[in-house]
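Q: I need the structure of the sequence given here:
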Amino acid sequence: MTTTAETARLNFYKLAPSVYQPLLNAHIAAKKGLGDDVLAELVLIRASQINHCAFCLDMHVKDAQKAGVSEERIYLLNAWEEAGAHYTEKEQAALALTEAVTVLTDGFVPDAVYERAAAHFDEPELAHLIALITTINMWNRINVAVRQPIGSGS
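A: Numbers count the residues shown, from 1 in each chain. Below is the predicted model:
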């Protein structure tokens, strides 16, 4: 069993500022281009759940609450398919795409998942959604690798 530390293994963000700033800029642009803070936070939480990133979960649950997402929707997000009535069709399509891009079980995003998302998002929104999913996966992987402590900021 692994334990969490009070400090990160290394301060990735100070040691690699040329990676940090462009990633942050891409993440901000993707979220802004999506234009829906609630949907964005649901996507960010779901990817972080899959990747077991406690640092990002802590941050994005708090951000979701600030954006007006109910505690019930946050609690049920890990089982969103079974709790589908709590999420719009558009949110469900985004969550399905989030899972497909995050896990890549079959080595690709299935056509049905992509088409479901494309039915709810215009092409610029879809591009920003894919970018947001991609950036949160990078944040998750960095923070898990360095064991970024919950609430520590960058």
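
Q: give the contact list for the spatially most central residue of the chain.
A: Among the residues of the chain, the one closest to the centroid is Leu44, at 2.1 Å (CA atoms, centre = their mean). Going by CB atoms under 8 Å, 6 or more residues apart in numbering, Leu44 touches 56, 60, 63, 132, 136. Quick note: C-beta positions are derived from backbone N, CA and C, even for glycine.

Q: Just the buried positions in the helix or strand encompassing the third one, please.
A: Asp63 belongs to helix 54-66 when assigned by DSSP states H and E. Applying a neighbour-count criterion of 16 or more other CB atoms under 10 Å, the buried positions in helix 54-66 are 54-57, 59-61, 63-64.

Q: Specify which member of the residues you listed is nearest to Asp106.
A: Asp106 has its nearest neighbour among the buried residues of helix 54-66 in Cys56, at 24.8 Å by CB to CB.

Q: longest single helix anywhere in the protein?
A: helix 123-146 (DSSP state H).

Q: Might you quantify the distance of that helix from its chain's geometric centre?
A: The chain centroid and the centroid of helix 123-146 are separated by 6 Å under CA atoms, centre = their mean, to the nearest Å.

Q: Need the contact partners of that helix.
A: Contacts for helix 123-146 (CB under 8 Å, 6+ apart): 8-12, 23, 26-27, 29-35, 40, 43-44, 47-48, 51-53, 55-56, 94, 97-98, 101-102, 117-118, 121, 148.
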